[in-house]
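**Q** Provide a 3D model corresponding to the input given below.
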Amino acid sequence: MLPPADVLQERKAGTSDIQDGSKGLIDVNPPRGTRDFLPDDKRLQNWLFDEFATVSRLFGFEQIDFPVLESEELFVRKAGEEITEQLYNFVDKGGRRMTLRPELTPSLARLALQKGKGLPLPAKWFSIGQCWRYERATRGRRREHYQWNMDIIGVAGVEAEVELLAAITTFFTRLGLTSQYVGIKVSSRKVLQQVLRQFGVPNASFGPVCVIVDKMEKIPREKVVEELGKLGVAAEAIEGILQALAIRSVEQLEAFLGPDNEAVADLRQLFRLADACGYADWLVFDASVVRGLAYYTGIVFEGFDRAGQLRAICGGGRYDKLLGTFGGEDQPCAGFGFGDAVIVELLKDKQLLPTLKHKVDDLVMSLDESLRPQACTIAQRLRQAGRRVDLVLESKKLKWAFRQAERCSAARLVLVAPEEWEKGLVRVKDLESREERDVPLDQL
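**A** Numbers count the residues shown, from 1 in each chain. Sure, this is the predicted structure:
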């Protein structure tokens, strides 16, 4: 008899077979596109998150957070974005359409709307959260990832983007990356908007055109032309779009759009301030950068690996109309998202990942089972003094204790032995100098 269709479907989707009543080992791998974090992995993640948070606080940002689970309507837009097809969405037991968040910015917008006029402006917020997208897993791309966002609400000028780009380059520099390894492509969506306006392309087509243009590095030129044609964009307009997107300097852009163009003025001011901040060498003007999310309205940027081995490292820009799309009052906003996966791959390639060992200050061990209570007392006393202590919980030989001390990079081995204990002493071995001495309890 065949299993039910839903069981067959589950078998097909997973990597292990289903056997009713079987006592065999379950599939021990995490779901496809997701990760487990063993201690070494978690130490690396904590280090990376600490760097995210440190840079954010250096720039005066405050941390926020929101649920991983959100209402689906927060992320469903009608511009043909890839992200709307990648949602982990479902109907909950109350009949509500929910999704695991695929990004953080709409949640931030919801929070800003919740605060309303009570939100002091400008608001400078950062968040570090897990995001979920059902997509093909490749190097640097997973179905779940963690993302660092920095956002500024309430600043209309490019000064906001300049500050965000300063934070990104500061982060790269702290990790040992230079502008030789990493660049940031910068453009403005107003460039494409102006070109479409010149060729009479309706405003309603702007978002879908941006989604197609964002794929230019992934699909052949002929495919881009074909998809733009399907939107009803005329051949002459398509040629004009492609010509504009090939521009690689602000000077060329000015010649193409004219000196009074708003996008040209924004970009000139941005590059001027970036030079004053000392990171202009990281920036590259590239008119083809539009970003694939429909809510961007002005300056957009994208961090990239100059060797061309990896996908975008980070990306962001201005999104002045997002709050209005959720029924609120528009506010000028700018921000970026920075995933945890690509940056780790880049640091591996450049051999810049730190060596992060498990480390404790003291390994405490009793050499006689009758002294276990005393070893517990000593361990607790040391912990209360702020020292990191690994207490040996079973009867072990001294040789094992030395191996364990090496594994956890202990600075000292504290031994509770009968003869020394009778004198009110414990034996302390400094594992770096290899010196050992008997120490009174009150001097530990």
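**Q** And the pLDDT at residue 297?
**A** Residue 297 is assigned 92 on the pLDDT scale.
**Q** That one belongs to a helix?
**A** No: applying DSSP: H, G, I helix; E, B strand; the rest coil, one finds residue 297 to be coil, outside a helix.
**Q** Distance check, the closest residue to it other than its chain neighbours against residue 283.
**A** Spatial nearest neighbour of residue 297, chain neighbours left out: residue 320 (4.7 Å); criterion: Cβ to Cβ, 6 or more residues apart in numbering. For the C-beta atoms, the positions are set from N, CA and C on the backbone; glycine is no exception. Relative to residue 283, residue 320 is positioned 22 Å away (Cβ to Cβ, to the nearest Å).
**Q** Who has more neighbours out of those two?
**A** Using other Cβ atoms under 10 Å as the criterion, residue 320 and residue 283 rank with residue 283 on top: 20 against 16.
**Q** residues in contact with that one?
**A** The contact partners of residue 283, taken as Cβ atoms under 8 Å, 6 or more residues apart in numbering, are 165, 183-184, 186, 271, 274.
**Q** buried sites along stretch 406-416?
**A** Residues of stretch 406-416 classed as buried by neighbour count (16 or more other Cβ atoms under 10 Å): 410, 412-416.
**Q** Next step: those residues restricted to strands.
**A** 412-416 (DSSP state E).
**Q** need those residues in JSON lines with pLDDT, can you?
**A** Output for those, formatted as JSON lines (pLDDT from 0 to 100):
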{"residue": "412", "pLDDT": "97"}
{"residue": "413", "pLDDT": "98"}
{"residue": "414", "pLDDT": "98"}
{"residue": "415", "pLDDT": "97"}
{"residue": "416", "pLDDT": "97"}
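**Q** just to revisit the earlier point, does the residue nearest to residue 297 touch residue 329 like I think?
**A** No: contact criterion Cβ atoms under 8 Å: residue 320 and residue 329 do not qualify, at 11.5 Å.
**Q** which helices and strands does the longest helix belonging to the chain pack with?
**A** Across the chain, the longest stretch assigned as helix under DSSP state H is helix 39-58. With contacts taken as 3 or more Cβ pairs under 8 Å, 6 or more residues apart in numbering; DSSP states H and E, helix 39-58 sits against strand 123-132, strand 144-153, helix 159-174, helix 340-349.
**Q** Of the ones you listed, flag the one that's most buried.
**A** Mean neighbour count (mean count of other Cβ atoms under 10 Å) peaks for strand 144-153 among these, with a mean of 22.
**Q** and stretch 363-376, which residues are buried?
**A** Result for stretch 363-376 [16+ other Cβ under 10 Å]: buried residues 363-367, 371-372, 374-375.
**Q** Show me how far it is from its chain's centre.
**A** 44 Å (Cα atoms, centre = their mean, to the nearest Å).
**Q** Return the list of helices and strands in contact with the helix or strand harbouring residue 374.
**A** Per DSSP states H and E, residue 374 falls inside helix 372-384. Other helices and strands packing on helix 372-384, by 3+ Cβ pairs under 8 Å, 6+ apart, are strand 362-366, strand 389-391, strand 412-416.
**Q** That one vs strand 412-416, what angle?
**A** Calculated by axes from the mean of the first three to the mean of the last three Cα atoms, to 10 degrees, helix 372-384 forms an angle of 150 degrees with strand 412-416.
**Q** returning to what we had before: which members of the contacts of residue 283 define the maximum pairwise distance?
**A** 183 and 271 (13.7 Å; Cβ to Cβ).
**Q** Not counting its neighbours along the chain, what's nearest residue 415?
**A** Nearest to residue 415 is residue 427, by Cβ to Cβ, 6+ apart, at 4.2 Å.
**Q** Would you reformat the ones in strands among the buried residues of stretch 406-416 as a markdown table and include distance to residue 437?
**A** Formatted as a markdown table, these follow (distance: Cβ to Cβ, whole Å):
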| residue | distance to residue 437 |
| --- | --- |
| 412 | 11 |
| 413 | 12 |
| 414 | 11 |
| 415 | 11 |
| 416 | 15 |
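**Q** Could you identify the most distant pair in those residues?
**A** 412 and 416 (13.0 Å).
**Q** Make a markdown table from the helices and strands packed on helix 39-58 and add mean pLDDT and distance to residue 100 to it.
**A** Converted to a markdown table, those look like this (pLDDT from 0 to 100; distance: least, Cβ to Cβ, whole Å):
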| stretch | mean pLDDT | distance to residue 100 |
| --- | --- | --- |
| strand 123-132 | 97 | 4 |
| strand 144-153 | 97 | 8 |
| helix 159-174 | 98 | 26 |
| helix 340-349 | 96 | 16 |
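**Q** Tell me which of those sits nearest to residue 52.
**A** strand 144-153 (4.1 Å).
**Q** Now do the closest one: which elements does it pack against?
**A** helix 39-58, helix 105-115, strand 123-132, helix 159-174, strand 333-339, helix 340-349.
**Q** Now those in JSON lines, please, with extra columns for distance to residue 152.
**A** Supplementary listing: those in JSON lines, determined by distance: least, Cβ to Cβ, whole Å:
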{"stretch": "helix 39-58", "distance to residue 152": "12"}
{"stretch": "helix 105-115", "distance to residue 152": "11"}
{"stretch": "strand 123-132", "distance to residue 152": "5"}
{"stretch": "helix 159-174", "distance to residue 152": "4"}
{"stretch": "strand 333-339", "distance to residue 152": "5"}
{"stretch": "helix 340-349", "distance to residue 152": "22"}
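**Q** isn't residue 257 right up against residue 264?
**A** Yes: counting by Cβ under 8 Å, residue 257 does reach residue 264; the two are 5.9 Å apart.
**Q** So which of the two has more stuff around it?
**A** Just comparing residue 257 and residue 264: by other Cβ under 10 Å the higher neighbour count belongs to residue 264, 22 against 19.
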